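when you get a sec, could you give me coordinates for this:
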Amino acid sequence: MDFDLTNEQQMLKESVARYTQGEYDFETRRKVIESESGISTEVWSQFSELGWLAVPFPEAQGGLGGSAVDLMVVMEEFGKGLVTEPYIPSALMFGGLLSQSANSANFSEIIERLIGGCLQGAFAFLERQSRYELFDVKTTAISEGNGFIINGEKTVVFNGGNADKLVVLARTDGGQAAPAGTSLFLVDAKAQGITRERYQLMDGQRAAHINFDDVFVSANDVVGNVGQAALLVEKMVNSVTVAMCAEAVGIMEKLYTTTVEYAKIREQFGVAIGSFQSLQHRMADMFIEYEQAKSLLFRTVCSIDEEGDDTDRNILALKVMIGRAGRKIGGEAIQLHGGMGVTDELDVGHYVKRLMTINTTFGDADHTQKKFADLLLERYQVESI
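Numbering: from 1, shown residues only. Predicted coordinates for the structure are as follows:
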């Protein structure tokens with residue numbers, strides 16, 4: 001199979017790499033995350049001008065119609081640059097739900113503003129009790145007149161504090177943990193009845209707890225069909241999972257190369273520590289973990305673009321491998337750098353924290369492995385019948 005990038009994809013990769021390596025250095029990032037909002041509107045505008053916000057959206061909606069490989073190229077370079085701007089929560093999660101919904105035409109203006117860089121979005125889905133269960137939803141949306149009244153609380157809403165608009169997952173019918181009966185609503189983040197508590201996550205990104213107290217939304221603001229959010233959410237989660245895994249692969253490459261370079265100059269007993277065979281073995285293990293993860297990433301994005309039958313299985317396997325490889329590579333990077341590996345002044349610890357956040361988003365490696373096993377068991381039973 002040919003894994004070479006097309007000329008357009010290579011140009012996209014080089015464009016993102018030049019920006020993250022030249023204009024978005026570690027000190028710039030530190031200033032951004034220490035600011036009040038935790039993001040840079042100037043950087044976000046540049047993302048729009050460079051066309052990166054348009055990559056995930058179809059051409060009919062004003063986007064570039066990027067493939068899974070195109071998105072992988074962008075996210076790998078974002079990982080290497082440790083970009084903190086909310087590309088995933090705003091463009092891929094919020095934007096992805098609006099773009100892929102059956103009634104996406106209703107949100108054309110919102111999508112246009114999102115691509116133009118003048119609007120921020122967020123997806124409010126997690127709750128205190130839900131952990132990794134997407135559809136364990138207590139937040140309710142009760143039909144009233146020509147709309148719905150939303151009541152409930154959402155936790156860890158990525159980019160929730162900066163968002164102008166929210167897509168909210170709420171229950172319109174069914175039991176608390178049932179996928180059926182959940183619905184999506186587009187809500188103005190400054191609507192009456194909404195309160196937000198903003199905070200910073202360990203990887204420097206921003207999130208918020210959001211309370212909804214008798215928040216009214218029009219029936220025109222239903223995203224997709226009432227009671228049928230599950231398929232749309234699961235499709236978006238699969239896409240975002242692959243994007244995060246691509247970001248993680250970029251981070252792992254950066255950690256591996258940084259560690260090797262450090263081992264060449266750090267001396268003990270009058271010689272570079274990179275000359276110690278035991279440490280060479282550990283760095284070789286880091287390289288193997290990175291290469292395996294990258295290979296499975298390639299397999300996954302190719303199966304998505306080719307609409308392969310094994311796409312769901314590949315995505316779950318990739319999430320498991322990324323979680324475990326990230327833990328291995330991150331741990332080795334910190335240990336081989338010594339105590340300075342966990343200091344705020346060195347970028348190594350920041351990369352590792354981002355890997356930890358990626359691992360836990362939508363379910364860590366252990367949780368995902370169980371889902372992978374359940375999927376195989378279900379398919380095996382069906383094929384046996």
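
how far does the longest helix anywhere in the chain sit from the chain's center?
Ranked by number of residues, the top helix in the chain under DSSP state H is helix 229-265. Using C-alpha atoms, centre = their mean, to the nearest Å, the distance from the centre of helix 229-265 to the centre of the chain it belongs to is 9 Å.

cool, stretch 42-49 as well?
Here stretch 42-49 is found 19 Å from its chain centre; the criterion is C-alpha atoms, centre = their mean.

same for the very next helix or strand once past the longest helix of the chain, what does it pack against?
Heading C-terminal from helix 229-265, the first helix or strand you meet, by DSSP states H and E, is strand 267-268. When contacts are defined as 3 or more C-beta pairs under 8 Å, 6 or more residues apart in numbering; DSSP states H and E, strand 267-268 sits against none of the other helices and strands. The C-beta positions use only the backbone N, C-alpha and C, and glycine is treated the same way.

what lines up beside strand 267-268 in the sheet?
Note on strand 267-268: by DSSP bridges, its sheet partners are strand 271-272 (antiparallel).

mean confidence for the partner strand?
Taken as a whole, strand 271-272 has an average pLDDT of 92.

show residues contacting it.
263, 264, 265, 266 (C-beta atoms under 8 Å, 6 or more residues apart in numbering).

most neighbours among those residues, which one?
Greatest neighbour count in those, by other C-beta atoms under 10 Å, goes to residue 263: 19 neighbours.

phi, psi for the nearest residue to that residue once chain neighbours are set aside please.
Nearest non-adjacent residue to residue 263, counting by C-beta to C-beta, 6 or more residues apart in numbering: residue 274, 3.4 Å away. Main-chain torsions, residue 274, degrees, to the nearest 10: phi -70, psi -10.

just residue 212 next, same as before
phi -120, psi 120.

which residues does it contact?
Here residue 212 is in contact with 139, 150, 151, 152, 153, 154, 168, 187, 193, 194 (C-beta under 8 Å, 6+ apart).

now, these that are in strands?
Among the contacts of residue 212, DSSP state E puts 150, 151, 152, 153, 154, 168, 187, 194 in strands.

coming back round to it: and the longest helix of the chain, what's buried?
Buried residues in helix 229-265, counting neighbours by 16 or more other C-beta atoms under 10 Å, are found at 229-230, 232-233, 236-256, 258-260, 262-263.

name the nearest residue to residue 117, sequence neighbours excluded.
Closest residue in space to residue 117, ignoring its immediate chain neighbours: residue 48 at 2.9 Å, by C-beta to C-beta, 6+ apart.

is it true that residue 274 touches residue 281?
No - contact between residue 274 and residue 281 fails when scored by C-beta atoms under 8 Å: they sit 11.7 Å apart.

out of the two, which sits in the busier spot?
Higher neighbour count among residue 274 and residue 281: residue 274, with 18 against 9, using other C-beta under 10 Å.

returning to what we had before: quick one: the contacts of strand 271-272 as JSON lines, columns for pLDDT and distance to residue 349 too.
Output for the contacts of strand 271-272, formatted as JSON lines (pLDDT from 0 to 100; distance: C-beta to C-beta, whole Å):
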{"residue": "263", "pLDDT": "93", "distance to residue 349": "17"}
{"residue": "264", "pLDDT": "93", "distance to residue 349": "21"}
{"residue": "265", "pLDDT": "92", "distance to residue 349": "19"}
{"residue": "266", "pLDDT": "91", "distance to residue 349": "17"}
